[in-house]
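S.K.: build the 3D model from these lines:
(2 chains)
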Amino acid sequence: MEGTTDGVSADLPYELTASEALRAIRRRTLGVVELVRAVLDRIDAIEPQVRAWVMIDRAGALARARELERQFEDMSARPLFGIPVGLKDIYDAQGLPTTAGFEPWKGRVPPADATTVARLRQAGAIILGKTVTTQFAFADPPETRNPWNPERTPGGSSSGSAAAVAARMIPLALGSQTAGSILRPAAYCGVLGLKPTYGLVSRHGIVPLAWSLDHPGPIARSVEDLARALGVLAGVDPCDPATRAARVGDYLAAVRHPGPPPVCLRLDDFFAAAEPPVSSQVSDALDLLARHGAEIRHARLVTDPRLVADAQQTIMQVEAAELHAALHAEMADHYAPRMRALVETGALVPATLYVRARRVGQRFRAEMLALLTDVDCLVLPTVSNLAPDRSTTGDRRFQAPWSLIGFPALTIPVGLVDGLPCGLQVVAGPWQEERLFRIARWIERVLPPLPTPRLGLRGGSVSMQ
Amino acid sequence: MQEPSGPSHERAARIQRQLALLAELRWGAERAQALDAELAATAEMLGRLEGVRLAPDAADPFLTSE
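M.R.: Down below sits the predicted model:
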């Protein structure tokens, strides 16, 4: 096996990012079957420690890999040719069960793919299996471990997707975010995640939690992989009316031309509210970016961030209560405790306060649009804390504001504190994913990469230089 | 937009009583009791939202989104 031009040895194909693997496949230094087998072997070796998967479609993935190797001439038009992908277990994939972590749905096999899954297949991706989600993508702790420390949560609700990507079981996975369920697990696990603009990626065929807040999105180990995945996933879908105004960009071109150092607006309220080690690590990262030419400006919010989190939580509670009314009436005893409480309290919230929450969200949105007028992006810690113990999925207050207003947000690792990863969150205006990718790629080039987590061992620390 | 104002703990206490009553009617006494901590947290949150004073706006962006 040869090394790749990306400077990564292909002796361990599971270590490759999706884009690196794609280039190796294109050069014929890596076979599609070889890649799938390497990923499956990696899963066999470490899954008992991580518990990231609900099911693996071993036979289906290998059959698809062999089929793709016979279609090699088609690969140039397929941006994910031969790339294994994990799906959070709320995405429908024809022939595979979608359980959403709900025991009565264990045998529930959908007749068709979600729009996103169909697009992945069309792009040449191989659906490897389903990753662990918290029940109905809410907040009951999952069985999945954080690859950096098995006593800590990987975050949720896209727990298995983030842990599997971090542990090199898969280069790319799909998650979803209603409050903070893509960005938080990605940050806790030391990988990258993107929550796109609301309405850019179809939700058709994905188990919903709250209609006006649900965002599908990718988790990966490079900015290029996020851009590559979004290019496949984004676009109008007649089956999801929220996508009718979707504005799709050329995301891979944005990554290839990162542009000048960005002007970043540091949201000081979130740094003040974060735990000191997190605030310090993310501040150090911004200092490093500044030394490389980024301009870091400061802002304080007019709207109380706590109120913004309240608005998001209220909307989520009420919409989840309505979504689950019929199922809960029949099967309440099968609900996990936090999910059941969400539905049961959400049904009691006065309608006027739901409307109030929506109005608060609109005003916060206007405030953020005004802040973005003179800068390229907003920056803040992705999460207030390091991954806590496994009794919780962590703190969603720093991610929820962007789910509330639908702005795109991306998390990128900025180092380790006490062996646990820390993330920088970058937020842009609606439909500004190209800009977000240009900025993130510039940041990725400046910051030192995280090492692979040493499973079963405590990680070290990565300092900013 | 004005920030939360007024005696927020009084608002939260009143809302919690309302929610507890509704919970008992909707889910029964046993479940209402089991939800006690969640109802308290929800009441605090709703109390803060209720305390917000938004300027009247004939073209509120939420209500004219279509």
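S.K.: quick check: residues of chain A near chain B?
M.R.: Residues of chain A lying close to chain B (C-beta under 8 Å from any C-beta of the partner chain) are A:302-304, A:306-307, A:310-311, A:313-314, A:317, A:341, A:344-345, A:347-350, A:353, A:355-363, A:365-366. To be clear about C-beta, it is placed using only N, CA and C from the backbone, and glycine gets the same treatment.
S.K.: just the buried residues of the residues you listed.
M.R.: Burial of the residues of chain A next to chain B was assessed by neighbour count (16 or more other C-beta atoms under 10 Å in any protein chain shown); the buried members are A:303-304, A:307, A:310-311, A:313-314, A:317, A:341, A:344-345, A:347-350, A:353, A:356-363, A:365.
S.K.: per-domain residue ranges of chain A.
M.R.: Chain A breaks down into these domains under automatic domain parsing: A:13-300+A:363-446, A:305-362.
S.K.: mark which of the residues of chain A next to chain B are part of helices, please.
M.R.: Counted as lying in helices by DSSP state H, out of these, are A:306-307, A:310-311, A:313-314, A:317, A:341, A:344-345, A:353, A:355-363, A:365-366.
S.K.: chain A: strands as residue ranges?
M.R.: Counting by DSSP state E, one finds strands in chain A at the ranges A:53-56, A:84-88, A:126-131, A:172-177, A:192-195, A:215-220, A:263-267, A:295-299, A:377-381, A:409-417, A:420-427.
S.K.: what would these look like in JSON lines with mean neighbour count?
M.R.: Below are those laid out as JSON lines (neighbours: other C-beta atoms under 10 Å in any protein chain shown):
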{"stretch": "strand A:53-56", "mean neighbour count": "19"}
{"stretch": "strand A:84-88", "mean neighbour count": "30"}
{"stretch": "strand A:126-131", "mean neighbour count": "27"}
{"stretch": "strand A:172-177", "mean neighbour count": "29"}
{"stretch": "strand A:192-195", "mean neighbour count": "31"}
{"stretch": "strand A:215-220", "mean neighbour count": "28"}
{"stretch": "strand A:263-267", "mean neighbour count": "20"}
{"stretch": "strand A:295-299", "mean neighbour count": "13"}
{"stretch": "strand A:377-381", "mean neighbour count": "26"}
{"stretch": "strand A:409-417", "mean neighbour count": "26"}
{"stretch": "strand A:420-427", "mean neighbour count": "27"}
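S.K.: CSV for those, including distance to A:Gly231 and mean pLDDT?
M.R.: Shown next, in CSV, are those (distance: least, C-beta to C-beta, whole Å; pLDDT from 0 to 100):
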stretch, distance to A:Gly231, mean pLDDT
strand A:53-56, 26, 98
strand A:84-88, 14, 99
strand A:126-131, 18, 98
strand A:172-177, 12, 98
strand A:192-195, 12, 99
strand A:215-220, 10, 98
strand A:263-267, 25, 98
strand A:295-299, 29, 98
strand A:377-381, 20, 98
strand A:409-417, 15, 98
strand A:420-427, 19, 98
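S.K.: of the ones you listed, which is nearest A:Trp148?
M.R.: A:Trp148 lies closest to strand A:420-427 among the strands of chain A, at 5.5 Å (C-beta to C-beta).
S.K.: what's the angle between that closest one and strand A:409-417?
M.R.: In terms of direction (axes from the mean of the first three to the mean of the last three C-alpha atoms, to 10 degrees), strand A:420-427 departs from strand A:409-417 by 150 degrees.
S.K.: who's in contact with the closest residue to chain B within the stretch 101-250 of chain A?
M.R.: Using C-beta to the nearest C-beta, the single residue of the stretch 101-250 of chain A nearest to chain B is A:Ser212, 10.0 Å away. By C-beta atoms under 8 Å, 6 or more residues apart in numbering or on different chains, A:Ser212 lies in contact with A:Tyr198, A:Ile315, A:Glu319, A:Arg358.
S.K.: let me know the closest of the residues you listed to B:Glu50.
M.R.: Within the contacts of A:Ser212, the smallest distance to B:Glu50 is 14.3 Å, found for A:Arg358 (C-beta to C-beta).
S.K.: hang on, that closest one packs against A:Gln312?
M.R.: No: applying C-beta atoms under 8 Å as the test, A:Arg358 and A:Gln312 come out as separate, 10.5 Å apart.
S.K.: show me the shaky parts of chain A.
M.R.: A:1-10, A:456-465 (pLDDT under 70).
S.K.: now do the same contact list for A:Thr345.
M.R.: Residues in contact with A:Thr345 (C-beta under 8 Å, 6+ apart) are A:Gln317, A:Ala321, B:Leu19, B:Ala23, B:Leu35, B:Glu38, B:Leu39, B:Thr42.
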